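In: Sequence and predicted structure below; questions after.
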Amino acid sequence: METLSPGPKPLAQVSASSLAAARAALLAWSALLLAMFLLVGVLLISIAHHLNVDAGKHARLDIDNALMSDEKAAASAVKDYAFWGDAYQHLHQTIDVEWAFVRQNIGSTLFTDLGYQGVFVVDPTGRTAYAVIDGQLQSVAAQDWLHSSIDTLLVQARKAAADGKSLSRLVNVDGVPAVLAAAALTPGTDPNVKAASGPASVLIFVSKLEPARLEALGRDFGVEGLRVVPAGVRPTTVPTMELRDNAGLVQWTSDDPGQQLLVLVVPLVAVAGLLFGLMTWVIQRRTLAAARLMDSHYTSLQASRAALAISEARFRDVAEAASDWIWEVDAELRFTYLSERFEAITGLARAQCLGCTVDEVLTSEQGPLSIWFKEHAHRTHATVQCNYLAGDGQARICRLSVREIPGQGYRGTASDITEEVESRRRIEYLSQHDALTGLANRTRMQEFLEGKLKASPTLERPLVMLSVDLDRFKPVNDLLGHAAGDQVLNEVSRRLQGCLRGDDLVARIGGDEFVLVVANMSSPSEVETLCRRLIDCIELPFSIAEHEVFISASIGIAMAPADAILAEELLRYADIALYDAKDGGRNTWRFYAGDMNARIIERRQLESDLRHAIKNEELRLDFQPRYRIEGTRLAGAEALVRWEHPQRGLLGPEVFIPIAEETGLILPLSHWVLHTACNAATHWPEDMMISVNLSPTEFQRGHLVARVKSVLADTGLNPARLELELTESVMLNDEKVALGIMQNLKELGVRLLMDDFGTGYSSLSYLRSFPFDGLKIDRSFVDGLTASGGDHSIIQAIVGLGRALSLTVTAEGVETDDQLNALKDVQCDEAQGFYLSQPIDAQAISELIGSLPK
């Protein structure tokens, strides 16, 4: 039997096995190559990423250091200004715009020199009392300019000030990052400034990081192209950094060391990868298509889930972050739901209130809420104001918004409006009352007066208006400060109220001006008795800061219907009578009379004539010679201005100088006197001095140093021959400013004399603290020199004091030979007065100089 061997395998089966083996080998090889390329790519990307991350970290650290450096500088700057006694005096309780802005203590130079676009002073009540925007004085609230609340900032600034620190942070102002620094105003280390009670005002500096400044700041710390990312833009190709405190997003130009590495190596890897890609392209195409389809489905699913989660979170966050709490009651008006904000706002436990009726938790002035709900809750927007007792026992107010749920009950929100209601009441009160004294203000007084006038007062029972102005009040503010002045005003208010009946009115309508409206006065004598009582009360001493202060008052009186029946006219006539009382010596009262108008018109005419006289040089200078007592040698002359009035004749300075100081004409008048006197002195011997009096107003404004320098340059007078005489009142307004001006005058080379020495409060201290070259003894001491041993001792002491301080001592008002001899006995240096020579004109003094022996 023959054995059969197995036959050959089918071709199809062999081919299938080869193809399968080849496919398997190809797949294995492809996987190996892919793994190698992936490993290389991952390593390259990882290295590049780490290089870029490290570069980004260094750049972010440099940016943070740059901003922290800017913040520290701003914090230091605001601390220097805030912990300053002068700033505390002029900005805390009362804003002194003259001091802060006009004198550039805290004004436009903070913008031009230091780059602070925003400078604010926020008072203890949170009101922006002072604002300088881009170097311009403006009326804008800090929170409005910053577009954010500053309540937390104020609290933190005051807390930091207790530790002697300021604070700074980054903020966003109009889409631009900015450095904000704040510090509470304190007296600092100034022992002369006492801190007031209550919260301190807060000084805020804001410096915007504008493009040029931000780029320069980054460049200083090695970061190129530092700039702000516009709102709504999120760059993906450049590095960014979120600034602290949500101040904004910045980006910069990175070196990208990782990118440079990839640019070098990736082309080589790409060539090799291209070969692999071509081999696997067909398979990858189908695989990637399937993957893309799966990813698309998965992404859509994830996006739907994320949107749902965001929506739920948004509702939850809004509900819990809002100032409202959400409530719901059933048909029996019992609370079935209270949001978590209920406990935070009311301080009441939700568990205890759930199940209670609305009338058990809330009350309303409109009656029981259960009735109100049924009558009003069906409307689309139903609201009602309610009261409730908070968990701390304080009465609170809320606004309840109500919407009906048909057949189930009601739901809505509740907003706490306690502060809003109290603020509204406070605003209403302040609109009718003076904030300092609590008295009625001008608005309330006008309403009260018009109401009384409508009652038709009679001649037998007139309505009396008293316009009261305090005398000698300004020195209280100047010497003791505005806080002391405020205490005096408050005490005056109490005293005035104590002198009137309950149905009369006392109003404060200005700084130290009060108006009293009094009814049921039967006769002028009764009014005079009241005026005497008012003045006597005001003249009682005031105990202020361990000082006894004495003031008085002048009163103007107008009556309805005798003088006027309209409120505006009655007030104007009372002011006219007050003006007449002050002009009559103060500390008195005057009834309005028709001829008073004529005197006021006459004074205004005199003011107009003076303005014309200065412009047309109708003034003239006389000179009173001053002699050295030893040898009676001519030492100099004092310039005295006179006015040749075309109708009134020759007028002395006592007539028109007060008008010039009140109206501001003193500046051009004083400039004319100074220029004319210096020009005349250039024709005198070189050893003769010329003395010119200065007004305190010139130290407060008018660029005194520049004017003196200009006059000296124009006339060519040797500065050492010019003597400027000033009284103690110059130093009373602002010692530091006065001292600075006087030092600048001394640098010009002129001499400074204290006039009327011995008549002020503290002339001795000023002689030691200020750069005086001499002093002039007031004529009141010279008048009693021979008759009073006391005046002789005083002058002897003053002369000794002058010698001890190396000052030239001059006696004014010498009118007798005995007085001159007495001054010679005490070795006084110089003297002037009618005994030696009356004031003479320029020609006469030239003749006097010419008659002297050469």
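Out: Thanks, I have it.
In: so residue 122 makes contact with residue 199?
Out: No: here residue 122 does not reach residue 199: they are 10.0 Å apart, not a contact under C-beta atoms under 8 Å. Quick note: C-beta positions are derived from backbone N, CA and C, even for glycine.
In: remind me, longest strand of this structure?
Out: Ranked by residue count, the top strand of the chain under DSSP state E comes out as strand 633-645.
In: In that strand, which residues are buried?
Out: Neighbour counts over strand 633-645 (16 or more other C-beta atoms under 10 Å) mark 634, 635, 636, 637, 638, 639, 640, 641, 642, 643, 645 as buried.
In: Look up the closest residue to residue 154, ignoring the ones flanking it.
Out: residue 202 (5.2 Å; C-beta to C-beta, 6 or more residues apart in numbering).
In: Isn't that neighbour up against residue 157?
Out: Yes: assessed by C-beta under 8 Å, residue 202 is found in contact with residue 157 at 4.8 Å.
In: so what sits against both of the two?
Out: Taking C-beta atoms under 8 Å, 6 or more residues apart in numbering as the criterion, residue 202 and residue 157 both touch 182, 183, 184.
In: With respect to residue 414, which of those residues is nearest?
Out: residue 182 (34.5 Å; C-beta to C-beta).
In: for the strand or helix carrying that closest one, packing partners?
Out: Assessed by DSSP states H and E, residue 182 sits inside strand 176-184. Applying 3 or more C-beta pairs under 8 Å, 6 or more residues apart in numbering; DSSP states H and E, one finds that strand 176-184 contacts helix 11-82, helix 151-162, strand 167-173, strand 202-208.
In: Among the ones you listed, single out whichever gets nearest to residue 572.
Out: Across these, residue 572 has its closest neighbour in strand 202-208 (41.7 Å, C-beta to C-beta).
In: Go through the closest one and flag the buried ones.
Out: 202, 203, 204, 205, 206, 207, 208.
In: any idea whether the closest residue to residue 83 other than its chain neighbours is helix, strand or coil?
Out: Distances taken as C-beta to C-beta, 6+ apart place residue 188 nearest to residue 83, at 3.7 Å, with adjacent residues excluded. Assigned by DSSP: H, G, I helix; E, B strand; the rest coil, the conformation of residue 188 is coil.
In: mind listing the strands in the stretch 701-850 of the chain by residue range?
Out: 722-726, 751-757, 774-777, 808-811, 830-831, 840-841 (DSSP state E, counting those that start in this stretch).
In: Put the alpha carbons of the first one into PDB.
Out: Backbone C-alpha positions of strand 722-726 (Å, rounded to 0.1, in the frame of the first residue of the first chain) are rendered in PDB as follows:
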ATOM      1  CA  LEU A 722      16.600 148.300  53.700                       C
ATOM      2  CA  GLU A 723      14.800 147.600  57.000                       C
ATOM      3  CA  LEU A 724      11.500 145.800  56.900                       C
ATOM      4  CA  GLU A 725       9.300 146.300  60.000                       C
ATOM      5  CA  LEU A 726       6.800 143.700  61.000                       C
END
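In: Would you mind pulling the contact partners of it?
Out: 636, 638, 678, 681, 689-694, 696, 699, 708, 712, 745, 750-755, 773-774, 776.
In: how about a cut-off of 6 Å?
Out: Strand 722-726 has contacts (C-beta atoms under 6 Å, 6 or more residues apart in numbering) with 689, 691, 692, 693, 694, 750, 751, 752, 753, 755.
In: so what's the last one closest to, chain neighbours aside?
Out: I take that to be residue 755. residue 725 (4.3 Å).
In: so the one you found bridges to which residues?
Out: residue 693, residue 753 (DSSP bridges).
In: separation between it and residue 737?
Out: As judged by C-beta to C-beta, to the nearest Å, residue 725 and residue 737 stand 19 Å apart.
In: Show me the domain layout of the chain.
Out: Here the domain parsing of the chain from automatic domain parsing is 59-251, 324-423, 435-593, 604-851.
In: Next, count neighbours for residue 246.
Out: 12 (other C-beta atoms under 10 Å).
In: Look up phi and psi at it.
Out: In terms of degrees, to the nearest 10, the main-chain angles of residue 246 are phi 60, psi 40.
In: How much space separates it from residue 171?
Out: Applying C-beta to C-beta to residue 246 and residue 171 gives a distance of 8 Å.
In: Tell me where the stretch 251-400 of the chain has strands.
Out: 324-330, 335-338, 382-389, 395-405.
In: Quick check: which of the ones you listed is nearest to residue 533?
Out: Checked against C-beta to C-beta, the stretch from those lying closest is strand 395-405, at 42.6 Å.
In: Okay, buried residues for the closest one please.
Out: 396, 397, 398, 399, 400, 401, 402, 404.
In: Export the strands of the stretch 701-850 of the chain to a markdown table and append columns for distance to residue 177.
Out: As requested, the strands of the stretch 701-850 of the chain are arranged in a markdown table below (distance: least, C-beta to C-beta, whole Å):
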| stretch | distance to residue 177 |
| --- | --- |
| strand 722-726 | 51 |
| strand 751-757 | 51 |
| strand 774-777 | 58 |
| strand 808-811 | 62 |
| strand 830-831 | 67 |
| strand 840-841 | 70 |
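In: can you tell which of those strands is closest to residue 538?
Out: Judging the strands of the stretch 701-850 of the chain by C-beta to C-beta, what sits closest to residue 538 is strand 751-757, at 27.5 Å.
In: Please convert the domains of the chain to a markdown table, extending it with mean pLDDT and distance to residue 43.
Out: A markdown table is the format used below for the domains of the chain (pLDDT from 0 to 100; distance: least, C-beta to C-beta, whole Å):
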| stretch | mean pLDDT | distance to residue 43 |
| --- | --- | --- |
| domain 59-251 | 87 | 23 |
| domain 324-423 | 88 | 52 |
| domain 435-593 | 88 | 74 |
| domain 604-851 | 87 | 71 |
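In: Appreciated, that's everything.
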